[in-house]
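Participant: coords below, sequence missing:
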């Protein structure tokens, strides 16, 4: 039997969410993990652990990260919902899909491009276009 004190723990979904948002903002700013680590006084490996959610970000460190990345603290919690109860996602929860997409190169590029659109109406039209395209492609084979 394994010693429970030394069993690896699964990353907490809230820590993963915060890490995903951290990574997204860092990549939007085109900042390397090494540069962020230097500004925070930690190694790039530590930044990697924060981004994966395998290491929890303390309050004072999160405050410093928000200053370095020029976002309010609540940025890291945007999109968080009650679906994180006991670390489980609801059956219809799309968060795992969102994490996979945001962690992809295309996801970061799209987020950056959309964030540069100043008009709320244009962003809304882009969203409706994406929804229409997704609906039209249902059942199509992936290229």
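Facilitator: Received the coordinates, thanks. These numbers come from a predicted model, not from an experiment.
Participant: how many other residues sit next to residue 23?
Facilitator: 21 (other CB atoms under 10 Å). Placement of C-beta: from N, CA and C, glycine included.
Participant: tell me which element the nearest residue to it once chain neighbours are set aside falls in.
Facilitator: Of all residues not flanking residue 23 in the chain, residue 51 sits nearest, at 4.2 Å (CB to CB, 6 or more residues apart in numbering). For residue 51, the host element (DSSP states H and E) is helix 44-52.
Participant: Low-confidence stretches in the protein?
Facilitator: 1-8, 82-99, 103, 139-143 (pLDDT under 70).
Participant: in it, which spans are strands?
Facilitator: Assigned by DSSP state E, the chain shows no strands.
Participant: Check it for its longest helix and report it.
Facilitator: Among the segments of the chain that qualify as a helix by DSSP state H, the longest is helix 120-137.
Participant: what's in contact with that one?
Facilitator: Residues outside helix 120-137 that contact it (CB atoms under 8 Å, 6 or more residues apart in numbering) are 114, 117.
Participant: Centre of the chain to it, how far?
Facilitator: Mean-position distance between helix 120-137 and its chain equals 22 Å (CA atoms, centre = their mean, to the nearest Å).
Participant: measure residue 81 to residue 134 for me?
Facilitator: Per CB to CB, to the nearest Å, residue 81 is found 22 Å from residue 134.
Participant: er, residue 66 I mean
Facilitator: The value you get for residue 66 to residue 134, if CB to CB is used, is 33 Å.
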